[in-house]
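> Just to be clear, the model below is a prediction. Sequence and coordinates:
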Amino acid sequence: MDFSEKDTYRTISKPSKEIIYKDRGSKFYGYAFPVKDEEAVKTYLETLKKQHHNARHWCYAWQLGADYSSYRANDDGEPSNSAGMPIYGQIQSFEVTNIVVVVVRYFGGTKLGVGGLIQAYKTAAQQALEASKVVTRTIDVSFFLTFEYAEMNTVMRLIKEENIKIVKQDMELKCVFKIAVRKKEANRVFELFNNTYKVEIKQLENS
């Protein structure tokens with residue numbers, strides 16, 4: 001998939017419900033959580049380790065960034081690529097980001113073999129994602145608009161016509177609006193305000 005021109009991404013709106021997949025005595029508990037950074041990933045993992053303190057493995061994969069640029073898969077002691085990558089494969093299959101999927105395994109006494117493990121982790125991850133509400137979000141670019149109060153009507157008319165989201169407004173000596181615009185509309189909106197008399201527009205860094 002080419003995300004360079006995309007201005008939307010898919011993620012989940014809230015944690016999934018717990019699912020359980022069983023194979024020859026082993027139990028695999030699957031979870032999906034929406035996350036913004038690695039710190040949130042750690043928090044969810046620590047919570048699950050406390051909740052399932054008698055489990056054998058806590059395997060997971062995550063993907064971060066509206067451009068799907070950052071990911072990691074962890075086998076947590078299972079044979080190499082038998083757990084983390086099958087979980088990550090399902091994240092790719094569902095085309096979601098800003099997400100961590102964790103599968104907790106209780107060993108049931110019978111070894112499943114690498115093929116059995118791959119299938120079990122893949123299935124548990126798939127079921128956790130199926131139990132999640134996937135939503136599409138827009139990638140926004142943020143700008144500051146600065147203008148005198150006298151230009152308020154002009155600015156508000158353009159904002160209404162273009163259906164632009166106002167993130168923050170500060171109206172003291174000068175009016176300063178922080179606005180968010182869909183990535184693919186950003187250049188056009190910038191030109192629109194840039195060509196509006198007495199209105200200054202500036203793009204926020206890192207937006």
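Structure received.
> What does the residue positioned nearest the centre of the chain show for phi and psi?
The C-alpha lying nearest the average C-alpha coordinate of the chain belongs to residue 98 (C-alpha atoms, centre = their mean; 2.1 Å). With angles defined as degrees, to the nearest 10, residue 98 sits at phi 50, psi 50.
> and it, what is it in contact with?
9, 11, 34, 35, 36, 63, 64, 65, 66 (C-beta atoms under 8 Å, 6 or more residues apart in numbering). (Glycine included, C-beta is placed from N, CA and C.)
> any idea what sits nearest the second one, other than its immediate chain neighbours?
Meaning residue 11. Of all residues not flanking residue 11 in the chain, residue 98 sits nearest, at 4.5 Å (C-beta to C-beta, 6 or more residues apart in numbering).
> likewise the first one?
The shortest distance from residue 9 to any residue other than its chain neighbours is 4.6 Å, reached at residue 66 (C-beta to C-beta, 6+ apart).
> Residue 140 is in contact with the one you found, correct?
No - Residue 66 is beyond contact range of residue 140, at 9.1 Å (criterion: C-beta atoms under 8 Å).
> before we move on, the earlier item: and the contacts of residue 98, which of them are in strands?
Those of these mapping onto strands are 9, 11, 34, 63, 64, per DSSP state E.
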